[in-house]
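> sequence and computational prediction follow.
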Amino acid sequence: MNKKTKFICTLVLIAIGAGLLVFIDQATPSSAMIRSVLQLSAIYSLAAVSMNMLNGFTGLFSLGQAGFMAVGAYTFAVFTIPVASKPTVYYLYGVADALANVALPPAAGIVVAGLMAALLAAVIGAPVLRLKSDYFAIATLGFAEIVRILVASSVFNRITNGSLGLKCIPGFGSYYTPFIVVFICIAIIVLLMNSTYGRAFKAIREDEIAAEAMGINLASHKQMSFIASSFFAGISGALMAMFLGAITSTTFPLMLTYNILLIIVIGGMGSITGSIIASFLVTFAKEWWLRFLDVEHFIGDFHVPLLRTGFRMVVFSVILMVVVLFWSRGIMGQKEFTWDGLYGFFRKLKNKRQEKSPVGGGAAND
Amino acid sequence: MLSIKDLHVYYGGIHALRGVSLEVPDGKIISLIGANGAGKSTTLKSIMSLVAKTEGSVEFDGVDITKYPTRNVVKTGIVLCPEGRRVFPDLTVAENLTVGAYLRKDKEGIKADRDWVYELFPRMKEREWQLAGTLSGGEQQMLAVGRALMSRPKLLMMDEPSLGLAPLVVKDIFAIIKQINEAGVNVMLIEQNAKAALEIADFAYVMETGEITMSGTGKELLASDEIRKAYLGE
């Protein structure tokens, strides 16, 4: 396959995806489950890809994802809640004077949310990135908890509204907004990962000493990866805030980090396409396909046992264990989806069939 | 071209290098031989600034590079092909080579050097798209040398290139080292395989417990009784 055909194939794939989205938007009522699950999957895929950038590509095992998402979500909310709604939102403590008349348009709010998360990453990066493996994970985990506790603390009552949380957050202008934002962000990440920087990140993941001996500046590259990952985590947090319309500190618990970690493990550490595929699969399974397990069912007079609220999470966990046991490198491993890969896959299938058929034919003749 | 004066390195309380001085003149292959723990690898690592120097100076082409960080040492034209190969196992052969040229911006030159590396190691060309981790030990060593050459060094330092390789493969590697040197790259070689290292070297240094104890041309050292007893087992 030459470059041109691949490019056309990619365009066709994007067009099909967009067309499908438009079709779903037009054909389903606004309350349909698939609409919101698709949006949520898209947001999760950005969160997963940004976390994968750090954990899968640079090999820094961070557990601070929920913290950076919370920073993004809160920054977005604080700067974009309409001025008219502020008195109702901050009815108990009042709003900080500096913020009383501030309401950025959502697009600017998203960028500011990303920048705020990136800034925080730059500040904590210098000390935290000196730590190795497990210690780094624990430090970032601690950071996420600190963020969660700080936004709920009374010190920031007039900014974050304490434990009451923030509401009246502007939602998506159109149904397509989250998809477009996520598409742009992931496109940027893909470009970054295919650049010299991306290769340097991978080299650091593989062997720090060899990477350093090749002249790669370890400290600055780790910092860069940490900041970029946090920037996109902040944006995914902002999208989450838009999606939910209201946030509190409990919207971003430790469990969120683990959920995203799970997505990137299932998709394959170090594979962007894997993360995206897994985001959609996991979100669909958890939010929609397995829902039937949560309600009682009767087949004729037979009462299906075990089915009750919460049972889907049990089944989900079992599926997870099976995946981790049998596909320990995830759906994609470290590979990306490529047209060459797909082509090769089908050729292999074809070859296998051709190998089989003469043997089968020979047996029949005997 | 490279001149080291009175280099001291400490690992915590251990005095690993006790005043090492040596010279690598232009166009030559220099070998550094010695037993385990003599400080050969430490010498190379401290030249690369991968370990901190306590005292002493390193001068390359008239420039004092003692305090340069590793990336600047690589920029001035010294590269280390590390012990135990250390290729990037989950990157392809081609990607490994590209990472080797990390500090270079001249696309044409990189391409030309890649072709040169493929000419030196035709096997690498065949396995261009294979993951480096799936190569055999000898192939990985070739890739590590190729990757180091991609930075277009004036001085290539090799730490135990024969480690863990079959004798036939070692012969190949040493032939290639000779070829690289003939192409105008200076080579500094650390080896435990003293015989091979002395045969190929224009000049050699012998290290013991952090100090240079002997030096001479490869032939002189091969003929010396002391060396034959201590390192060649005769």
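Good, I have the coordinates.
> pull out the buried positions in the helix or strand hosting A:Phe316.
Assessed by DSSP states H and E, A:Phe316 sits inside helix A:311-326. The neighbour-count check on helix A:311-326 (16 or more other C-beta atoms under 10 Å in any protein chain shown) flags A:Arg312, A:Phe316, A:Val323 as buried. C-beta: built from backbone N, CA, C; applies to glycine.
> could the residues you listed go into TSV alongside pLDDT?
Listed next are the buried residues of helix A:311-326 as TSV, based on pLDDT from 0 to 100:
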residue	pLDDT
A:Arg312	81
A:Phe316	81
A:Val323	81
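> from the residues you listed, pick the one nearest chain B.
A:Val323 (20.9 Å; C-beta to the nearest C-beta).
> packing partners of the helix holding A:Phe316?
Using 3 or more C-beta pairs under 8 Å, 6 or more residues apart in numbering or on different chains; DSSP states H and E, the elements in contact with helix A:311-326 are helix A:254-267.
> what parts of chain A come near chain B?
Taking C-beta under 8 Å from any C-beta of the partner chain as the contact definition, chain A meets chain B at A:196, A:199-200, A:202-203, A:205-207, A:209-217, A:270, A:334.
> whatever residue of the stretch 51-200 of chain A ends up closest to chain B - how many residues pack around it?
Taking C-beta to the nearest C-beta as the measure, the stretch 51-200 of chain A has A:Arg199 as its residue closest to chain B, at 5.5 Å. Other residues within reach of A:Arg199, judged by other C-beta atoms under 10 Å in any protein chain shown, total 21.
> spatially nearest residue to it, not counting backbone neighbours?
What sits nearest to A:Arg199 in space, not counting adjacent residues and going by C-beta to C-beta, 6 or more residues apart in numbering or on different chains, is B:Val99, at 5.5 Å.
> so how far is A:Ser36 from whatever residue of the stretch 251-366 of chain A ends up closest to chain B?
Across the stretch 251-366 of chain A, no residue is closer to chain B than A:Gln334, which sits at 5.7 Å (C-beta to the nearest C-beta). Taking C-beta to C-beta, to the nearest Å as the measure, A:Gln334 falls 32 Å from A:Ser36.
> neighbouring contacts of stretch A:332-341?
If you take C-beta atoms under 8 Å, 6 or more residues apart in numbering or on different chains as the criterion, stretch A:332-341 is touched by A:1, A:5-6, A:9-10, A:56, A:267-274, A:277, B:90.
> contacts only, for residue 173.
No chain specified, so I'll use chain A. A:Pro106.
> should've been chain B
Under the criterion of C-beta under 8 Å, 6+ apart, the contact list for B:Ile173 reads B:Gly138, B:Gln141, B:Met142, B:Val145, B:Pro161, B:Ser162, B:Leu165.
> how far off centre is the strand or helix carrying it?
Using DSSP H and E, B:Ile173 maps to helix B:167-182. Centroid displacement of helix B:167-182 relative to its chain, using C-alpha atoms, centre = their mean, to the nearest Å, is 13 Å.
> and A:Gln334 and A:Ser36? which has more neighbours close in?
Taking other C-beta under 10 Å, A:Gln334 and A:Ser36 do not tie; A:Gln334 has more neighbours (18 against 15).
> how about stretch B:206-225 as PDB, C-alpha atoms only?
Once side chains and other backbone atoms are set aside, the C-alpha atoms of stretch B:206-225 remain, and they are given as PDB (Å, rounded to 0.1, in the frame of the first residue of the first chain):
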ATOM      1  CA  VAL B 206      46.300  -1.400  31.500                       C
ATOM      2  CA  MET B 207      44.200  -0.600  34.500                       C
ATOM      3  CA  GLU B 208      44.400  -2.000  38.000                       C
ATOM      4  CA  THR B 209      42.300  -0.800  41.000                       C
ATOM      5  CA  GLY B 210      41.500   2.600  39.600                       C
ATOM      6  CA  GLU B 211      45.000   3.400  38.200                       C
ATOM      7  CA  ILE B 212      46.800   3.000  34.900                       C
ATOM      8  CA  THR B 213      49.700   0.700  35.600                       C
ATOM      9  CA  MET B 214      51.100   0.100  32.200                       C
ATOM     10  CA  SER B 215      50.900   1.400  28.700                       C
ATOM     11  CA  GLY B 216      52.400   0.700  25.300                       C
ATOM     12  CA  THR B 217      51.600  -0.300  21.800                       C
ATOM     13  CA  GLY B 218      49.400  -3.300  21.400                       C
ATOM     14  CA  LYS B 219      52.400  -5.400  20.200                       C
ATOM     15  CA  GLU B 220      54.700  -4.300  23.100                       C
ATOM     16  CA  LEU B 221      52.100  -5.300  25.700                       C
ATOM     17  CA  LEU B 222      51.300  -8.600  24.000                       C
ATOM     18  CA  ALA B 223      55.000  -9.400  24.200                       C
ATOM     19  CA  SER B 224      55.400  -8.300  27.800                       C
ATOM     20  CA  ASP B 225      55.800 -11.200  30.300                       C
END
